[in-house]
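Peer 1: Sequence plus the predicted model coming up.
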Amino acid sequence: MFKGHPKGLIAAALSNMGERFGYYIMNAVLVLFLCSKFGLSEETSGTIYSFFYAGIYLLALVGGIIADRTQNYKGTIKTGLVIMAVGYVLLSIPILATSGNVAWLLPLTCFALFLIAFGNGLFKGNLQAIVGQLYDDFEAEAAKQGPEALKLAKSKRDSGFQIFYVFINVGGLIAPFVAPLLREWWLGVNGMSYNAQLPALCHQFINNGAQMSQAALDNLNSLMAAVGGNVTDMTVACQNYLQIFNEGIHYSFIASVVAMLISLVIFVAYQRRFPTPGKKTKVESQTYTAEEKRAMAKEIRQRMAALFAVLGVVIFFWFSFHQNGMSLSFFARDFVDSSAVAPEIWQAINPFFVITLTPVVMALFAWLARRGKEISTPRKIAIGMFIAGLAFLFLAIFSAVKGYPSADEFKLLPVAEQMASKAHWWVLIVTYFFLTVAELFISPLGLSFVSKVAPKHLLGLCQGLWLGATAVGNLLLWVGPLMYNAWPIWQCWTVFLVVCLVSMGVMLAMLRWLERVAK
């Protein structure tokens, strides 16, 4: 699996794995944490999540521009890790949100999220640009040995980015367990237990208990008694539960700080193995003739057009796929029995499948290549869109068969009735299986496609553009909770199904042109 790849690949992947571990600790709980800490609605917390998630990728464009102009990719990456660590430190401070401090505490939390997004923007795209340059150098060395060696070297790029992607998901596999385990441990230390529905009910009672429906009050009393809270004074009981519930999550962010520092140490230790794309391009550009520059300008326009065409399609994949941190997280909390497993932990399914299925997908692609039936990167992306659609087709059919109403209606049902109709965990397993296979056809291979078509002096910028397209998709994430709370949820999943199928059709229509440009 690792044989025949550039030596710096594993070092870059390990550095990225540490950062991703810290990031996914926070991301696994973020939207639910905003609800439980501040009592925000799903729509409001979803909007904050959308802007934060979009900011991560939009700021990668800024990070790419900074690195390209300064030609200091490595320094930009290290600065990003430090800034992210500061953001996680701010998130780790356990302050109870009250009506008296929410006016500054919520903006402080959003500022911490901005620091994480900005630091990630400096880090993420530029490390991917360095990996792309590793393969540029690898292919240049192979070209000196002849056409066959060059062909073999070029065949390694897609699998190299898949290996890089596996390491990302090793961090993502472990991370979702950290916050729930710390939270439940802290609740246990204080004589309480976990319940996913209680934070919202506690906030409702504290903020406007007189206006709560009798059904909601009955659910609050029943659940508070079950988890061990002090029910002699419901206001005090709710405040205590929220304090302890959220303190455990705050403490988990300390692990994110440690992960950033580990990633920084790995990167610094191995930075001499990494190329510096900007410096090499600067030397090469001095040798071009006027005619060569005109030819290059035409080629660059074609390459950038192809890049933007693919970016326009994958926007809608990310809009659908990243519902795993949005409406799918709410679905795991509200419609899936979480008595044995916290809803955040289900986000570990995706990286688990990435790690276990990547060798299978790589073996499939290699087998097809040996038989002379190699699938082009643009075609793989189109297939991925279809597979993502299968995930939402499954959810739509399942939800329709179960007769699930909107989430708002479902949460007003008595607790016993909710529990009787909740889905089993296998539903999430199937959903994430399809989404992960789709991801393996799109995300790492999209990075590979960008590295193929990107002009060499714009590597950081083009990787930033890929992440910028992801950001645009993430800006649309807030639409998910709106549909989830307002419509029977089978209709919500059907919208994502249609989006995936239309995107696949557009990609197939551009296929021959994209394959020609990417050669």
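Peer 2: Received, thanks.

Peer 1: so what's the backbone phi/psi at residue 423?
Peer 2: phi -80, psi 160 (degrees, to the nearest 10).

Peer 1: State the number of residues packed around it.
Peer 2: Using other Cβ atoms under 10 Å, residue 423 has 17 other residues around it. Bear in mind the C-beta positions are built from the backbone N, C-alpha and C, glycine included.

Peer 1: List the contacts of it.
Peer 2: Residues in contact with residue 423, defined by Cβ atoms under 8 Å, 6 or more residues apart in numbering, are 335, 336, 337, 398, 402.

Peer 1: The fourth one contacts residue 427, correct?
Peer 2: Yes. When contacts are counted by Cβ atoms under 8 Å, residue 398 is listed as touching residue 427 (6.0 Å).

Peer 1: quick one, phi psi at residue 213?
Peer 2: Torsion angles, degrees, to the nearest 10, at residue 213: phi -70, psi 160.

Peer 1: Quick check: it vs residue 382, distance?
Peer 2: Going from residue 213 to residue 382 by Cβ to Cβ, to the nearest Å gives 48 Å.

Peer 1: of the two, who's got more company?
Peer 2: Ranked by neighbour count (other Cβ under 10 Å), residue 213 and residue 382 place residue 382 first, with 23 against 10.

Peer 1: Just say helix, strand or coil for the more buried one.
Peer 2: What DSSP: H, G, I helix; E, B strand; the rest coil gives for residue 382 is helix.

Peer 1: my guess is it contacts residue 507, does it?
Peer 2: Yes. Counting by Cβ under 8 Å, residue 382 does reach residue 507; the two are 4.0 Å apart.

Peer 1: Phi and psi next, for residue 336.
Peer 2: Main-chain torsions, residue 336, degrees, to the nearest 10: phi -110, psi 140.

Peer 1: quick one: which of the contacts of residue 423 is most hemmed in?
Peer 2: residue 335 leads the contacts of residue 423 on contacts (other Cβ under 10 Å) with 24 neighbours.

Peer 1: For that residue, list the residues it contacts.
Peer 2: Residues in contact with residue 335, defined by Cβ under 8 Å, 6+ apart, are 404, 407, 410, 422, 423, 489.

Peer 1: Closest one of the residues you listed to residue 321?
Peer 2: Nearest to residue 321 out of these is residue 489 (Cβ to Cβ; 17.6 Å).

Peer 1: I figured the closest one hits residue 404, correct?
Peer 2: Yes. If you go by Cβ under 8 Å, residue 489 and residue 404 touch, sitting 5.2 Å apart.

Peer 1: Who has more neighbours out of those two?
Peer 2: Just comparing residue 489 and residue 404: by other Cβ under 10 Å the higher neighbour count belongs to residue 489, 27 against 21.

Peer 1: Counting neighbours, what do you get for the residue nearest to residue 190 when sequence neighbours are not counted?
Peer 2: Ranked by Cβ to Cβ, 6 or more residues apart in numbering and with sequence neighbours excluded, the top spatial neighbour of residue 190 is residue 244, at 4.8 Å. Residue 244 sits with 20 neighbouring residues when counted by other Cβ under 10 Å.

Peer 1: Please identify the helix or strand for residue 244.
Peer 2: Assigning secondary structure by DSSP states H and E places residue 244 in helix 234-270.

Peer 1: List the buried residues for that helix?
Peer 2: Using 16 or more other Cβ atoms under 10 Å as the test for burial, helix 234-270 gives 234, 237-242, 244-257, 259-260, 262-264, 266-267, 270.

Peer 1: Repeat that for stretch 88-105.
Peer 2: 88, 89, 91, 92, 94, 97, 105.

Peer 1: Touching, residue 496 and residue 324? I think so.
Peer 2: No. In this structure residue 496 lies outside contact range of residue 324 using Cβ under 8 Å: 11.3 Å.

Peer 1: Any buried residues in stretch 341-356, and which?
Peer 2: Result for stretch 341-356 [16+ other Cβ under 10 Å]: buried residues 342-355.

Peer 1: Could you do stretch 210-225 as well?
Peer 2: Buried residues in stretch 210-225, defined by neighbour count with 16+ other Cβ under 10 Å: 212, 216, 219, 220, 223, 224.

Peer 1: Would you mind getting the angle between the longest helix seen in the chain and helix 234-270?
Peer 2: Taking DSSP state H as the criterion, the chain has its longest helix at helix 102-143. Orientation check (axes from the mean of the first three to the mean of the last three Cα atoms, to 10 degrees): helix 102-143 against helix 234-270 gives 30 degrees.

Peer 1: what about helix 102-143, distance to the chain center?
Peer 2: 13 Å (Cα atoms, centre = their mean, to the nearest Å).

Peer 1: packing partners for the helix or strand following that helix?
Peer 2: Counting by DSSP H and E, the element after helix 102-143 in chain order, helix or strand, is helix 147-154. Secondary-structure packing of helix 147-154 (3 or more Cβ pairs under 8 Å, 6 or more residues apart in numbering; DSSP states H and E): helix 102-143.

Peer 1: helices or strands next to the helix it packs on in the packing?
Peer 2: Helices and strands touching helix 102-143, by 3+ Cβ pairs under 8 Å, 6+ apart, are helix 8-38, helix 42-70, helix 73-91, helix 147-154, helix 156-189, helix 277-285, helix 426-453, helix 459-475.

Peer 1: and the angle from that helix to helix 426-453?
Peer 2: Using the same axes, to 10 degrees: helix 102-143 against helix 426-453 is 50 degrees.

Peer 1: relative to helix 8-38, how tilted is helix 102-143?
Peer 2: Put simply, helix 102-143 runs at 170 degrees to helix 8-38, going by the same axes, to 10 degrees.

Peer 1: relative orientation of helix 102-143 and helix 459-475 in degrees?
Peer 2: For helix 102-143 against helix 459-475, the angle by the same axes, to 10 degrees is 140 degrees.

Peer 1: C-alpha coordinates for stretch 177-189, PDB please?
Peer 2: Output in PDB follows, covering the C-alpha atoms of stretch 177-189 (Å, rounded to 0.1, in the frame of the first residue of the first chain):
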ATOM      1  CA  PHE A 177     -15.400   9.100  21.400                       C
ATOM      2  CA  VAL A 178     -13.500  11.700  23.400                       C
ATOM      3  CA  ALA A 179     -16.100  14.300  24.200                       C
ATOM      4  CA  PRO A 180     -19.000  11.900  24.900                       C
ATOM      5  CA  LEU A 181     -16.900   9.700  27.200                       C
ATOM      6  CA  LEU A 182     -15.600  12.700  29.100                       C
ATOM      7  CA  ARG A 183     -19.100  14.200  29.400                       C
ATOM      8  CA  GLU A 184     -20.600  10.900  30.700                       C
ATOM      9  CA  TRP A 185     -17.700  10.400  33.100                       C
ATOM     10  CA  TRP A 186     -18.100  13.900  34.500                       C
ATOM     11  CA  LEU A 187     -21.900  13.400  34.800                       C
ATOM     12  CA  GLY A 188     -21.300  10.100  36.700                       C
ATOM     13  CA  VAL A 189     -18.800  11.700  39.000                       C
END
